[in-house]
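Asks: The following block contains a protein sequence and its predicted model.
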Amino acid sequence: MGDAAIAGEVPVGRERREEIADVLEQLAVLAVRQLGKRDISMTAASALGRLAREGPTRLTALAADEGVSQPAMTQLVQRLTKQGLMVRGADPDDGRAVLVSITNAGRRLLAERRRDRVTRLSGLLAALPAEDQATLAAAVGSAAPVLRRLVASVAGPGGRPATPPS
């Protein structure tokens, strides 16, 4: 039973859900395209983030999870290894397989990128009128727990995205 049913509220209709989804999609694009640094590719940042969350992963699984071919992931891992952001090693369960891990330098890079996005977004928010800032602060206070549950509801084993409910 969802929160709306518990509170006695009527769930929003399809049109309103699509409006909410559209705004969330625009925010995602803003975060990724406008606030992100261009120091590494989005695929590299995503792969590093996955390794930071999930720990050492087989190269083949990482390629599949990131939606790229194994040769493309091999090249990416080679580049990131040369940059000191990842390390390669043998899988202790299967010596033929390669495990990749994030390094401390990779973790620092991700943390720096996140701090930079937060700083840039904070600057954008500061440019809004005080009333708009207060409105957003109240909305985030109410919406944050719901959005966290939404994110958790589509995370599969190991934090990997699962197929969202239809």
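Replies: Okay, I see it. The structure displayed is predicted, hence computed values, not measured ones.
Asks: after the lowest-mean-pLDDT helix or strand in the chain, next one along is what?
Replies: One helix or strand of the chain scores below all others by mean pLDDT, DSSP states H and E: helix 3-7, with a mean of 51. Where DSSP states H and E defines the elements, the next helix or strand beyond helix 3-7 is helix 14-29.
Asks: Pull the helix or strand just after that following helix out as CSV, backbone CA atoms only.
Replies: Using DSSP H and E, the helix or strand that follows helix 14-29 in sequence is helix 42-54. The C-alpha trace of helix 42-54 is given here as CSV (Å, rounded to 0.1, in the frame of the first residue of the first chain):
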residue,chain,number,x,y,z
MET,A,42,30.0,9.8,-18.9
THR,A,43,30.7,6.1,-19.5
ALA,A,44,33.9,6.4,-17.5
ALA,A,45,32.2,8.3,-14.7
SER,A,46,29.4,5.8,-14.6
ALA,A,47,31.8,2.8,-14.5
LEU,A,48,33.8,4.4,-11.7
GLY,A,49,30.7,5.1,-9.8
ARG,A,50,29.5,1.6,-10.2
LEU,A,51,32.8,0.2,-8.9
ALA,A,52,32.7,2.7,-6.0
ARG,A,53,29.3,1.4,-5.0
GLU,A,54,29.6,-2.3,-5.7
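Asks: For the lengthiest strand in the chain, what does the pLDDT average out to?
Replies: Using DSSP state E, we find that the single longest strand of the chain is strand 94-102. On average, the pLDDT along strand 94-102 is 90.
Asks: swap in stretch 134-149?
Replies: Stretch 134-149 comes out at a mean pLDDT of 92.
Asks: do the same with stretch 61-72
Replies: What stretch 61-72 shows for mean pLDDT is 95.
Asks: Quick one: residues in contact with it.
Replies: 43, 46-47, 50-51, 57, 59-60, 73-74, 76-77, 100, 160 (CB atoms under 8 Å, 6 or more residues apart in numbering). Bear in mind the C-beta positions are built from the backbone N, C-alpha and C, glycine included.
Asks: Check stretch 121-133 too.
Replies: Contacts for stretch 121-133 (CB under 8 Å, 6+ apart): 30, 31, 35, 136.
Asks: Could you export the helix or strand containing residue 140 as CSV, CA atoms only?
Replies: Applying DSSP H and E as the criterion places residue 140 in helix 130-153. Provided in CSV are the C-alpha atoms of helix 130-153 (Å, rounded to 0.1, in the frame of the first residue of the first chain):
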residue,chain,number,x,y,z
ALA,A,130,14.3,34.1,-2.0
GLU,A,131,10.7,33.1,-2.3
ASP,A,132,11.6,30.5,-5.0
GLN,A,133,14.4,29.2,-2.9
ALA,A,134,12.0,28.8,0.1
THR,A,135,9.5,27.0,-2.1
LEU,A,136,12.2,24.6,-3.4
ALA,A,137,13.5,24.0,0.1
ALA,A,138,10.0,23.1,1.4
ALA,A,139,9.4,20.9,-1.7
VAL,A,140,12.7,19.0,-1.3
GLY,A,141,12.0,18.5,2.4
SER,A,142,8.8,16.7,1.5
ALA,A,143,9.9,15.0,-1.7
ALA,A,144,13.4,13.7,-0.7
PRO,A,145,12.2,10.6,1.2
VAL,A,146,9.8,9.8,-1.7
LEU,A,147,12.5,10.2,-4.3
ARG,A,148,14.9,8.1,-2.3
ARG,A,149,12.3,5.3,-2.1
LEU,A,150,11.7,5.7,-5.9
VAL,A,151,15.5,5.3,-6.5
ALA,A,152,15.6,2.3,-4.2
SER,A,153,12.6,0.6,-5.8
